[in-house]
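*Asks:* Please find the sequence and the predicted model below.
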Amino acid sequence: MTYRLLGHPQPLRCAGIDCKYRKPKNKAERRQRKRRHPPKLAKSPSMASTAAVPFWRSAGMTYISYSNICANIVRNCLKEPHKSDALAREKVHFTVTKWSEGKPEKPTTRSDDPDV
Amino acid sequence: MAMAALRREGRRFAGSLTAPQPMSAIRSAIVSEEQVPLGVRSISTQIVRNRMKSVRNIQKITKAMKMVAASKLRAIQTRAENSRGLWQPFTALLGDTPGVEVKKNVIVTISSDKGLCGGINSTSVKISRAIHKLTSGPEKEVKYVILGEKAKAQLMRDSKKDIELCITELQKNPLNYTQVAVLADDILKNVEFDALRIVFNKFQSVVAFLPTMSTVLSPEVVEREAEAGGTLGALDSYEIEGGETKGEILQNLAEFQFSCVMFNAVLENACSEQGARMSAMDSSSRNAGDMLDRLTIFYNRTRQASITTELIEIISGASALEG
């Protein structure tokens, strides 16, 4: 009954040991009481990340470019002849043309070839 | 396609002969294969021989192209089948929901740069146009990203203002993941989308290609669908390690899914292209063989007719002299 007077929500469930509705025994406990339950950050998964993003995303890279750079590093760790085989698998060459309002703009070629 | 080209070539040869009289004789001879009317000098056998030589050359070329396509197909087929294992876990995790309702759709059409590969590029473009019609509506936006010259040429004709990006010269080096990943990165950076529809030809066998559409959703749409329940709703039952939030994980996953699906799509389309080219070249060599047979028969008939005409002239001349 004492619990209900203090405003305890569930008198039967509480073990009474670490319950905040227990009357503080001394001054130290009274001072501690205020700091026992700090306010929790309302973290819902759908919230836009105000949490720290990884360094590569804040630098503007996508996960794909990040993983490509990591793969390049792994490939460079190989020994010859596997290294040149692996690096040959990495060659990039294509031409991109951006279109705006039905007209193609100047195409840009992204290539690893030195002559293009 | 190659068959039609050969047929057109045959007709052009028929029409390009200089002398008008033999032209009617040839045309009637080739089309109806009737006897040459009396009193008309028949066509010179030299012309028919020239035509036979060119058809024989074409047959050799198409046979060689078929062999080349077969060897390229063998090389790329195992890679395509192995790359299927890249997107299957993603579909198991995130699902492939073609019926998702979104505002911004981007259709990525994958086609070849080179021609003479049968009808696969036309089917891809047809499907892309159908998807465009299905997904357009009030307040909805549909754009195209085109890979390959052939689809660009076809889509430029009527959907010019809907094209966002065109990518060509993809197959200069052998296809690899890095190249497709850089490409996917470019698309992600330049195009805004809620859902990406990737249209390609899936390789079933050397003669069978299935036009396929894969759907990749953007991370925001994945979150929205996850809240709505279904396959994506089961995502919440997974524990997330490390310091990342669910939204961040979803963004990484969505980007990686896009790049994996693109890699598989590009490989499968390349396989289908080689397979289609093989069958197209095979049918064109067979047609060239048929044409050669018909020309040989005509040549022999012409030769015999000219010999007969000469004999008739000689004999009638001799009998006229004798009186």
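*Replies:* Nice, thanks for sending it over.

*Asks:* how about the helices of chain A, start to end?
*Replies:* With DSSP state H, the ranges of helices along chain A come out as A:2-6, A:27-36, A:55-58, A:63-76, A:82-88.

*Asks:* for B:Thr109, what are its contacts?
*Replies:* B:124-125, B:128, B:144-148, B:151, B:155, B:199 (C-beta atoms under 8 Å, 6 or more residues apart in numbering or on different chains). Just so you know, the C-beta spots here come from the backbone N, C-alpha and C atoms, and that holds for glycine as well.

*Asks:* next SSE after the host helix or strand of B:Thr109?
*Replies:* Per DSSP states H and E: B:Thr109 is located in strand B:104-110. Per DSSP H and E, the first helix or strand lying C-terminal to strand B:104-110 is helix B:120-135.

*Asks:* which helices and strands does whichever helix or strand comes after that next one pack with?
*Replies:* Moving toward the C-terminus from helix B:120-135, the next helix or strand (DSSP H and E) is strand B:141-147. When contacts are defined as 3 or more C-beta pairs under 8 Å, 6 or more residues apart in numbering or on different chains; DSSP states H and E, strand B:141-147 packs onto strand B:104-110, helix B:120-135, helix B:149-158, strand B:163-168.

*Asks:* avg pLDDT for stretch B:182-196?
*Replies:* Stretch B:182-196 shows a mean pLDDT of 89.

*Asks:* What are the buried residues along it?
*Replies:* Judged by neighbour count using 16 or more other C-beta atoms under 10 Å in any protein chain shown, the buried positions of stretch B:182-196 are B:182-188, B:191, B:193-196.

*Asks:* Quick check: end-to-end length of that stretch?
*Replies:* With C-alpha to C-alpha, to the nearest Å applied, stretch B:182-196 spans 17 Å between its terminal residues.

*Asks:* beta partners of B:Ile163?
*Replies:* For B:Ile163, the beta-bridge assignment (DSSP bridges) gives partners B:Tyr144.

*Asks:* Show me what the helix or strand where B:Ile61 lies is packed up against.
*Replies:* Following DSSP H and E, one finds B:Ile61 within helix B:45-94. The helices and strands touching helix B:45-94, judged by 3+ C-beta pairs under 8 Å, 6+ apart, are helix B:2-15, helix B:246-322.

*Asks:* possible to save these as a markdown table with distance to B:Ala70 and mean pLDDT?
*Replies:* Shown next, in a markdown table, are the helices and strands packed on helix B:45-94 (distance: least, C-beta to C-beta, whole Å; pLDDT from 0 to 100):
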| stretch | distance to B:Ala70 | mean pLDDT |
| --- | --- | --- |
| helix B:2-15 | 16 | 52 |
| helix B:246-322 | 6 | 93 |
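
*Asks:* just the ones you listed: most buried one?
*Replies:* helix B:246-322 (a mean of 18; mean count of other C-beta atoms under 10 Å in any protein chain shown).

*Asks:* anything in it sitting right up against chain A?
*Replies:* Yes: using C-beta under 8 Å from any C-beta of the partner chain, helix B:246-322 reaches chain A at B:246-248, B:251-252, B:255-256, B:258-259.

*Asks:* Spatially, which residue comes closest to B:Trp90, not counting chain neighbours?
*Replies:* In this structure residue B:90 is Phe, not Trp. B:Gln257 (4.4 Å; C-beta to C-beta, 6 or more residues apart in numbering or on different chains).

*Asks:* Now do the same contact list for the one you found.
*Replies:* Counting by C-beta under 8 Å, 6+ apart, B:Gln257 has contacts B:87, B:90, B:94, B:216.

*Asks:* how does it look with 7 Å?
*Replies:* Contact analysis of B:Gln257 by C-beta atoms under 7 Å, 6 or more residues apart in numbering or on different chains lists B:90, B:94, B:216.

*Asks:* Most neighbours among those, which one?
*Replies:* B:Val216 (26 neighbours; other C-beta atoms under 10 Å in any protein chain shown).

*Asks:* Listing partners with orientation, what would you give for the helix or strand containing that residue?
*Replies:* For B:Val216, the element it lies in under DSSP H and E is strand B:209-217. Strand pairing for strand B:209-217, using DSSP bridges, gives strand B:195-203 (antiparallel).

*Asks:* Can you name the residues in contact with the partner strand?
*Replies:* Here strand B:195-203 makes contact (C-beta under 7 Å, 6+ apart) with B:80, B:100, B:102, B:105-110, B:120, B:123-124, B:127-128, B:131, B:209-218, B:221, B:258, B:261-262, B:265, B:268-269, B:271-272, B:275.

*Asks:* count of neighbours near the residue lying closest to B:Leu267 once chain neighbours are set aside?
*Replies:* Closest residue to B:Leu267 apart from its sequence neighbours, by C-beta to C-beta, 6+ apart: B:Ala80 at 4.1 Å. Neighbours of B:Ala80 under the rule other C-beta under 10 Å: 22.

*Asks:* Give me the lowest-pLDDT entry from the contacts of B:Gln257.
*Replies:* Within those, B:Leu94 has the lowest pLDDT, namely 81.

*Asks:* you'd agree that one is up against B:Val222?
*Replies:* Yes: judged on C-beta atoms under 7 Å, B:Leu94 makes contact with B:Val222 at a distance of 6.5 Å.
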